[in-house]
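> structure here, sequence nowhere to be found:
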Ligand code: ADP
Ligand code: MG
């Protein structure tokens with residue numbers, strides 16, 4: 001038994017900030033003193049790039065681990081920003097087909113990670129935008145799943161499919177799997193529509209909403225181009241602080257007390273008003289600043305209740 005917790009960051013929709021969430025959270029958790037392993041389960045290897053490794057120059061990758069050719073310990077590498085990484089390469093694209101022919105294919109990742117779990121406090125799994133064997137492997141290996149979600153029309157359709165897969169995994173391969181919640185990403189609080197979609201998804205599926213939302217900010221698009229995360233390139237941007245809040249929650253570090261003037265004990269869920277969520281040490285682009293400053297009071301309260309119950 002170890003105290004390591006494993007989180008799958010999953011949504012079969014592409015471009016919802018799964019990889020950005022894994023890279024930013026991993027680095028924020030390292031800053032909190034945690035030993036972190038990030039696992040790239042996408043053949044496009046964006047996480048591997050984002051953490052500063054070149055997938056074209058890797059001899060061994062998660063592909064070799066999943067096929068049982070080498071141990072995870074042999075493939076995990078340190079990265080400049082602190083987390084260890086099980087990198088991906090394009091080889092992983094053929095892995096699904098090869099795994100499909102194997103007995104126990106859903107457990108490949110779980111078994112591989114069992115061998116190195118004791119060396120880490122947190123393992124973060126960056127899923128590919130599919131609900132195929134690789135994502136089933138991630139859900140089978142995880143304790144909890146976090147669903148990054150860009151709140152737009154019809155984004156709930158993907159959530160239903162993903163939850164069906166989660167329920168299958170709970171029934172068949174990993175009864176202990178829990179859904180931690182939906183993480184609103186690329187969030188623009190100026191759009192009423194965004195809030196409506198988020199509230200609808202939370203109530204429709206009975207999911208917790210992880211607060212604060214991650215504001216949309218150009219800083220996130222800039223960082224991977226130089227093989228770094230936003231924690232290194234713009235650590236004081238509101239989006240970086242939003243990821244640090246999530247990292248503190250995962251690490252079990254208490255949030256600083258919220259002044260009573262900004263968090264009234266009883267707030268009508270339907271009312272929308274300004275709530276200060278992060279310190280704006282540095283001006284960010286307009287949308288990012290607006291989004292980080294204002295969250296829907298009802299959602300903030302729900303998240304707050306969720307934290308108190310933990
Ligand atoms: P996924 O892994 O779900 O496909 P990514 O993490 O690769 O999504 O993000 C998709 C794109 O959106 C990337 O170009 C990334 O830099 C950008 N991005 C991620 N989060 C944000 C954000 N909060 N604000 C603006 N752009 C973002
Ligand atoms: Mg990705």
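Looks like it arrived, so ask away. As the structure is a computational prediction, the values presented were derived from the model and not from experiment. Ligands and ions are numbered 1, 2, ... in the order given.

> wait, what's in contact with the residue of the stretch 201-310 of the chain found nearest ligand 1?
As assessed by C-beta to the nearest ligand atom, ligand 1 sits closest to residue 220 within the stretch 201-310 of the chain, at 3.4 Å. Bear in mind the C-beta positions are built from the backbone N, C-alpha and C, glycine included. The contact partners of residue 220, by C-beta atoms under 8 Å, 6 or more residues apart in numbering, come to 17, 20, 230, 239.

> run the chain-centre distance for the helix ranked longest in the chain.
Taking DSSP state H as the criterion, the chain has its longest helix at helix 155-172. Distance of helix 155-172 from the chain centroid (C-alpha atoms, centre = their mean, to the nearest Å) equals 17 Å.

> what's in contact with the helix or strand following that helix?
On the C-terminal side of helix 155-172, the nearest following helix or strand under DSSP states H and E is strand 178-185. With C-beta under 8 Å, 6+ apart as the test, strand 178-185 has contacts from 7, 16-17, 20-21, 143-151, 159, 163, 166, 194, 198, 201-202, 207-210, 213-214, 246, 306.

> may I see the PyMOL selection of the buried members of these?
Buried residues within the contacts of strand 178-185, by 16 or more other C-beta atoms under 10 Å, are selected in PyMOL with:
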select buried, resi 7+16+17+20+21+145+146+147+148+149+150+151+159+163+166+194+198+201+202+207+208+209+210+213+214+246+306
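
> so which of the contacts of strand 178-185 are in strands?
7, 144-150 (DSSP state E).

> and the two most separated of those residues?
The span of the ones in strands among the contacts of strand 178-185, defined through C-beta to C-beta, is set by 144 and 150 at 20.6 Å.

> up against ligand 2, what does this protein have?
18-19, 46 (C-beta under 5 Å from the ion).

> which residue ranges form the helices in this protein?
Using DSSP H, helices in the chain cover 18-31, 46-50, 62-66, 72-75, 95-100, 108-114, 133-141, 155-172, 192-205, 218-222, 230-233, 238-251, 286-293, 297-309.

> thinking residue 176 is in contact with residue 143, fair?
Yes. Judged on C-beta atoms under 8 Å, residue 176 makes contact with residue 143 at a distance of 6.7 Å.

> check contacts around residue 246.
25, 28, 183, 210.

> and for the nearest residue to residue 160 once chain neighbours are set aside, the neighbour number?
Closest residue in space to residue 160, ignoring its immediate chain neighbours: residue 205 at 7.2 Å, by C-beta to C-beta, 6 or more residues apart in numbering. Using other C-beta atoms under 10 Å, residue 205 has 15 other residues around it.
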